[in-house]
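K.L.:
any chance you can model this:
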Amino acid sequence: MKNVAVIGAGVMGSGIALACIQSGYTTLLFDVHATALKNGLQYIKEQLQLSVDKGKSSQKMTEKALSLLKITENREDLKAELIIEAIQENIESKQALFLYLESINSLQSIFATNTSSIPITQIAAPLKHAERIVGIHFFNPAHIMKLVEIIPGSSTDPEITQKSIQWAKSLGKTAVLVADSPGFIVNRVARHYYVESLKILEENVAGIESIDLLMEQTGFKMGPFKLMDLIGVDTNFAVTSSLFQQFHFDAKFQPNRIQQQKVNAGHHGRKTKHGFYHYP
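P.N.:
Numbering: from 1, shown residues only. Okay, here's the model as predicted:
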């Protein structure tokens, strides 16, 4: 594969696009919102410059990477060998998107979803060619985090699964083959890092700063509240809500009202300058 399209210019989509251009792929970044595209491009440029400042890259490498990137609001441009979506965690939205992509792309195009929690088989169900869809799940920040979960659905062509694994490795990632289960591995296990921390806060056992500090002192790189702010409080809440539904409302995945209030208030973390912490 030589060209990639990334749908969704949020932090995750922009990070995936950045990983692609750094690895030499001609990359199209799409979003329906011009502001999102502007912010996504700015994020990519900032991260590339940060790499130069740290001595991990050069100005020439940055210019070469940016020359591989194109941004667009026109969905008719979404034709590529590999198309990966990083949109909202909503099955109807994802299905509608892939139905459209199926209508304008050749049968050789591979469709990938960066879903955090929705089974691939469910997303692929309405398509004529469900064998084309695979899960390629990155972790934030996508251009830095090494792990990528590769999730074939029940109809995914094994050849496409293998191509996806090799593509992830070409980005310098560690690709792990995962069964198609809600939340896969990481989000299913990590969910309780957030859910239990929110319960502790709700029960006034300890404050946000204390919980984060204690978890960091026990070996976690980031406390749960700092991590939710980095991921996006809204994104984290959406994944928890999705898992709660996917596991038939099992109480251990129940979303917390404190996080719901943050989402309702628009306090989505670092990207809005206000989450569980303030970011002036």
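
K.L.:
just give the nearest non-adjacent residue to Thr174, would you?
P.N.:
By the measure of C-beta to C-beta, 6 or more residues apart in numbering, the closest residue to Thr174 outside its immediate chain neighbours is Lys146, 4.8 Å from it. For glycine as for every other residue, the C-beta is placed from the backbone atoms N, C-alpha and C.

K.L.:
so what does the one you found look like in phi/psi?
P.N.:
Dihedral angles of Lys146 (phi, psi; degrees, to the nearest 10) stand at phi -80, psi -30.

K.L.:
any idea how far it is from Glu85?
P.N.:
From Lys146 over to Glu85 the distance is 22 Å, taken as C-beta to C-beta, to the nearest Å.

K.L.:
the two: which is more packed in?
P.N.:
Taking neighbours as other C-beta atoms under 10 Å, Lys146 and Glu85 compare with Glu85 leading, 25 against 11.

K.L.:
now do the same for the more buried one: its pLDDT.
P.N.:
Here the pLDDT value assigned to Glu85 is 98.

K.L.:
return the set of buried residues in the helix or strand containing Ala175.
P.N.:
With elements taken from DSSP states H and E, the one containing Ala175 is strand 174-177. By neighbour count on 16 or more other C-beta atoms under 10 Å, the buried set for strand 174-177 is Ala175, Val176.

K.L.:
residues contacting it, please?
P.N.:
Lys146, Leu147, Val148, Glu149, Ile150, Pro152, Thr161, Ser164, Ile165, Ala168, Lys169, Ile185 (C-beta atoms under 8 Å, 6 or more residues apart in numbering).

K.L.:
dump the residues you listed to a markdown table, plus distance to Cys20, secondary structure and pLDDT.
P.N.:
Shown next, in a markdown table, are the contacts of strand 174-177 (distance: C-beta to C-beta, whole Å; DSSP: H, G, I helix; E, B strand; the rest coil; pLDDT from 0 to 100):
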| residue | distance to Cys20 | secondary structure | pLDDT |
| --- | --- | --- | --- |
| Lys146 | 15 | coil | 96 |
| Leu147 | 17 | strand | 96 |
| Val148 | 12 | strand | 98 |
| Glu149 | 17 | strand | 98 |
| Ile150 | 16 | strand | 98 |
| Pro152 | 21 | strand | 98 |
| Thr161 | 19 | helix | 98 |
| Ser164 | 14 | helix | 98 |
| Ile165 | 16 | helix | 98 |
| Ala168 | 11 | helix | 98 |
| Lys169 | 14 | helix | 98 |
| Ile185 | 24 | coil | 95 |
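
K.L.:
put the buried members of those into a ChimeraX selection.
P.N.:
To isolate in ChimeraX the members of the contacts of strand 174-177 that are buried, counting by 16+ other C-beta under 10 Å, one can use:
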select :148,149,150,152,161,164,165,168
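
K.L.:
number of nearby residues for the residue nearest to Gly153 when sequence neighbours are not counted?
P.N.:
Using C-beta to C-beta, 6+ apart and skipping residues adjacent in sequence, the residue nearest Gly153 is Ile120, 3.5 Å away. A count of nearby residues for Ile120, using other C-beta under 10 Å, gives 26.

K.L.:
what do you get for Asn105?
P.N.:
There are 18 residues near Asn105, going by other C-beta under 10 Å.

K.L.:
which residues does it contact?
P.N.:
With the criterion set at C-beta under 8 Å, 6+ apart, Asn105 makes contact with Leu78, Lys79, Ala80, Ile83, Phe111.

K.L.:
okay but the fourth one is in contact with Thr113, surely?
P.N.:
Right, the one you point to is Ile83. No. If you go by C-beta atoms under 8 Å, Ile83 and Thr113 don't touch, sitting 9.8 Å apart.

K.L.:
understood, closing this out.
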